[in-house]
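Novice: okay, structure incoming, though there's no sequence with it:
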């Protein structure tokens, strides 16, 4: 069944909510102001990218999970190596007493970790970037080379996909986090491009989700060992699946094919309570329980007692 009301409830349940949103906005405002002042940058040179900027963030599925905010700062110099750019950013952040105690060194970024709240653990991943000739910007990886990136182009591409795309991506992110976990699950950018390629042009969540599962399952069915190529939507030279570990991909492939079967069964199920159970198997406890009328035993015909008969007290029944 379509269960439109249940899907609307589910969509609201996996959103971050007002308190995490307020926490992010407060931390982001202070970080942006600090980086602009420290590097002498304009507001346009320190900006958001990733799921939060694209409006596809979901509340973590489990208490120990994390939600993140990705930040680009156009502070890297043309003469710097990748390691030098990241070390410079780390040093600038360490000059602030509050940021100094939050810093974690990561391969592509400097991470600022915040304490947990009701939605999970929050961190900001801050990436130094610089202009380049072959792409809008390039970003570093420690002990490696500079990598082309197009954060603004990708953000505009996501927004151009429409509201049903946003809803479907969020729901499939919740499915991913439950069935694969945050560490081994498919990367958000890969999942989003797969959704855009597979999602049917429908306006109801159940049909959009089931059709998307079907489309992605079909796309990977003929690739049992390694993922098929997946070009970046705005940087066509980049293959988004090139560095996807084969074992992680094979797990994803197995799960998405099963999810396609489960979603079709949930959609085709004519019994509302049973359909709820099928969708909950896919999306977890945030998909609401069936709340319709309870199933009562049939009423006895007129003239018959409504209280079930009891066996005689003098006799045992096996």
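Specialist: Here it is on my side, so go on. Model, not experiment: these values are computed from the prediction.
Novice: tell me what residue 127 is bridged to.
Specialist: Going by DSSP bridges, residue 127 is paired in beta bridges with residue 72.
Novice: list the contacts for it?
Specialist: Residue 127 is in contact with 70, 71, 72, 73, 108, 109, 110, 139, 140, counting by C-beta atoms under 8 Å, 6 or more residues apart in numbering. Just so you know, the C-beta spots here come from the backbone N, C-alpha and C atoms, and that holds for glycine as well.
Novice: residue 7 too?
Specialist: 171, 205, 206, 209.
Novice: can you list the low-confidence ranges for the stretch 1-150 of the chain?
Specialist: Counting by pLDDT under 70, the ranges of the stretch 1-150 of the chain that qualify are 117-119.
Novice: and of the contacts of residue 127, the nearest to residue 17?
Specialist: Distance to residue 17, by C-beta to C-beta, is smallest for residue 70 among these, at 19.9 Å.
Novice: enumerate the positions of the strand or helix carrying that closest one that are buried.
Specialist: Secondary structure assigned from DSSP states H and E places residue 70 in strand 66-73. Going by neighbour count (16 or more other C-beta atoms under 10 Å), the buried part of strand 66-73 is 67, 68, 69, 70, 71, 72, 73.
Novice: which one of these sits closest to residue 147?
Specialist: residue 72 (12.7 Å).
Novice: the closest one is in contact with residue 154, isn't it?
Specialist: No: shown here, residue 72 and residue 154 do not form a contact pair, counting by C-beta atoms under 8 Å, at 11.4 Å.
Novice: identify the contacts common to those two.
Specialist: Jointly contacting residue 72 and residue 154 under the rule C-beta under 8 Å, 6+ apart are residue 49.
Novice: what about the helices in this protein?
Specialist: Here the chain has its helices, by DSSP state H, at 4-13, 18-39, 50-54, 82-94, 97-100, 151-160, 163-179, 181-184, 188-198, 205-221, 246-268, 272-283.
Novice: now tabulate these in a markdown table and tack on distance to residue 61.
Specialist: What follows is these, written out as a markdown table (distance: least, C-beta to C-beta, whole Å):
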| stretch | distance to residue 61 |
| --- | --- |
| helix 4-13 | 11 |
| helix 18-39 | 14 |
| helix 50-54 | 14 |
| helix 82-94 | 30 |
| helix 97-100 | 28 |
| helix 151-160 | 22 |
| helix 163-179 | 4 |
| helix 181-184 | 8 |
| helix 188-198 | 14 |
| helix 205-221 | 17 |
| helix 246-268 | 14 |
| helix 272-283 | 10 |
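Novice: so for residue 126, which of these sits nearest?
Specialist: Nearest of the helices of the chain to residue 126, taken as C-beta to C-beta: helix 82-94 at 6.4 Å.
Novice: and that closest one, what's buried?
Specialist: Buried residues in helix 82-94 (16+ other C-beta under 10 Å): 82, 85, 86, 87, 88, 89, 90, 92, 93.
Novice: ok, so of these, who is nearest residue 26?
Specialist: After measuring these against residue 26 - C-beta to C-beta - the closest member comes out as residue 93, at 17.3 Å.
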